[in-house]
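A.B. asks: Just to be clear, the model below is a prediction. Sequence and coordinates:
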Amino acid sequence: MDNDLVQLLRSVIREELAPVNERLDRIETEQTLIKQAVLDTNERVKKIEEVQESQHKIIELLSVRSIDQEAQLKRIK
């Protein structure tokens, strides 16, 4: 009788845990997708930062040239 009760309890527990396990599997799958999305986003952000740094250097160079040209124009006048 004890064995039957144990088997019954195990069966009930398995049935009750089945939806929980399914939900956990879905969450783990979604977590993997989220991790991949974060990695992709980080990569894009790094590329954007590199482009911004390059643009910043170009703007600095153009600013210096503009100031030099204005100074030369003032000397000419």
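C.D. replies: Right, received. Where do you want to start?
A.B. asks: C-alpha from now on. contacts and neighbour counts both.
C.D. replies: Fine.
A.B. asks: Tell me, please, where in this protein the pLDDT is lower than the cut-off.
C.D. replies: By pLDDT under 70, the low-scoring segments of the chain are 1.
A.B. asks: gap between residue 16 and residue 44?
C.D. replies: 43 Å (CA to CA, to the nearest Å).
A.B. asks: now residue 4
C.D. replies: 59 Å.
A.B. asks: which one of those two has more residues nearby?
C.D. replies: residue 44 (12 against 9; other CA atoms under 10 Å).
A.B. asks: any idea which element the more buried one lies in?
C.D. replies: Taking DSSP states H and E as the criterion, the element that holds residue 44 is helix 2-76.
A.B. asks: what's near enough to touch the residue nearest the centre of the chain?
C.D. replies: Per CA atoms, centre = their mean, the C-alpha nearest to the average position across the chain is that of residue 38, at 1.9 Å. Residues counted as contacts of residue 38 (CA atoms under 8 Å, 6 or more residues apart in numbering): none.
A.B. asks: repeat that for 10 Å
C.D. replies: The contact partners of residue 38, by CA atoms under 10 Å, 6 or more residues apart in numbering, come to 32, 44.
A.B. asks: How much space separates it from residue 72?
C.D. replies: In this view, residue 38 and residue 72 are 51 Å apart by CA to CA.
A.B. asks: ditto for residue 55
C.D. replies: 26 Å.
A.B. asks: what do you get for residue 32?
C.D. replies: Counting by CA to CA, the separation of residue 32 from residue 72 is 60 Å.
A.B. asks: cool, residue 52 as well?
C.D. replies: For residue 52 relative to residue 72 (CA to CA), the value is 30 Å.
A.B. asks: cool, and residue 45?
C.D. replies: 40 Å.
A.B. asks: Please apply the same query to residue 43.
C.D. replies: 44 Å.
A.B. asks: Neighbours of residue 14, how many?
C.D. replies: Neighbour count for residue 14, taken as other CA under 10 Å: 13.
A.B. asks: That one: what's it in contact with?
C.D. replies: Listed by CA under 10 Å, 6+ apart, the contact partners of residue 14 are 8, 20-21.
A.B. asks: Give me the buried entries from those.
C.D. replies: When the contacts of residue 14 are checked for burial by 16 or more other CA atoms under 10 Å, the buried set is empty.
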